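In: return a 3D structure for these sequence lines:
(chains A and B)
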Amino acid sequence: NAGVTQTPKFRILKIGQSMTLQCAQDMNHNYMYWYRQDPGMGLKLIYYSVGAGITDKGEVPNGYNVSRSTTEDFPLRLELAAPSQTSVYFCASSRLETGVYGYTFGSGTRLTVV
Amino acid sequence: AQKITQTQPGMFVQEKEAVTLDCTYDTSDQSYGLFWYKQPSSGEMIFLIYQGSYDEQNATEGRYSLNFQKARKSANLVISASQLGDSAMYFCAMREGRDDKIIFGKGTRLHILP
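Out: From the prediction side, this is the model:
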């Protein structure tokens, strides 16, 4: 089925470890986004990309890095994991004009840093 | 200052009653879009409804309608004839700017009582 695929679904990291959250979409969407959702809170934008080779910071980029080498993939890199990065991470994509359909979200990655 | 304000952290509503979830927003853009998303306990983000700033009529999607009052910068979600399956977290969100970024409110947790 077409959509946004995130892997892994769950992960436990130790403080100081690094990992990459994978995100892939097969809808040929130009725009892709990474959000984090802390318990009981709304979503906060970490990074976004308006096309291959172009990325930009969102509201909470510190501690993260991204790359966009292809239209389909938008991985999020965590370097030196900290307990404050314990959260659920959502990847989303959209066409140039979200219009009626809004974003297409992935199912999320639940990350715990201990 | 918050861009999206949802003043109701939680609501309890009797099944089959109508419910209004409040949302106010803040933007200086003339062109913007407003969204509502549902997040059930399973965690996925489900797009419900969209209202463009130039749309003259309130958006409707089945049992969902968006009460758009532009002058008051208000975009309340109305759910008619609530069902037990409507129990979830509901997020109001706004798209502004040229990068198609969407900013989310903190959410309202809706509980439908049998």
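
In: can you tell me the centre-most residue of chain A?
Out: Nearest to the geometric centre of chain A sits A:Trp34, at 2.9 Å (Cα atoms, centre = their mean).

In: which secondary structure elements does the helix or strand harbouring that residue sit against?
Out: Per DSSP states H and E, A:Trp34 falls inside strand A:31-37. Judged by 3 or more Cβ pairs under 8 Å, 6 or more residues apart in numbering or on different chains; DSSP states H and E, strand A:31-37 is in contact with strand A:19-25, strand A:43-51, strand A:87-94, strand B:101-104. C-beta coordinates here come from the backbone N, C-alpha and C atoms, glycine included.

In: got the contact list for it?
Out: The contact list for strand A:31-37 (Cβ atoms under 8 Å, 6 or more residues apart in numbering or on different chains) reads A:21, A:23, A:25, A:43-51, A:58, A:60, A:64, A:66, A:68, A:74, A:76, A:85, A:87-96, A:103, A:108, B:99-102, B:104.

In: quick one: buried ones out of those residues?
Out: Listed as buried from the contacts of strand A:31-37 are A:21, A:23, A:25, A:43-50, A:58, A:60, A:64, A:66, A:68, A:74, A:76, A:85, A:87-94, A:103, A:108, B:100-102, B:104; burial here means 16 or more other Cβ atoms under 10 Å in any protein chain shown.

In: would B:Gly85 count as being in a strand?
Out: No: secondary structure of B:Gly85 (DSSP: H, G, I helix; E, B strand; the rest coil): helix, not part of a strand.

In: for it, what are its contacts?
Out: B:Ile112.

In: and the pLDDT at the closest residue to A:Trp34 other than its chain neighbours?
Out: Spatial nearest neighbour of A:Trp34, chain neighbours left out: A:Ile46 (4.4 Å); criterion: Cβ to Cβ, 6 or more residues apart in numbering or on different chains. A:Ile46 is assigned a pLDDT of 96 by the prediction.

In: this completes my enquiry, with thanks.
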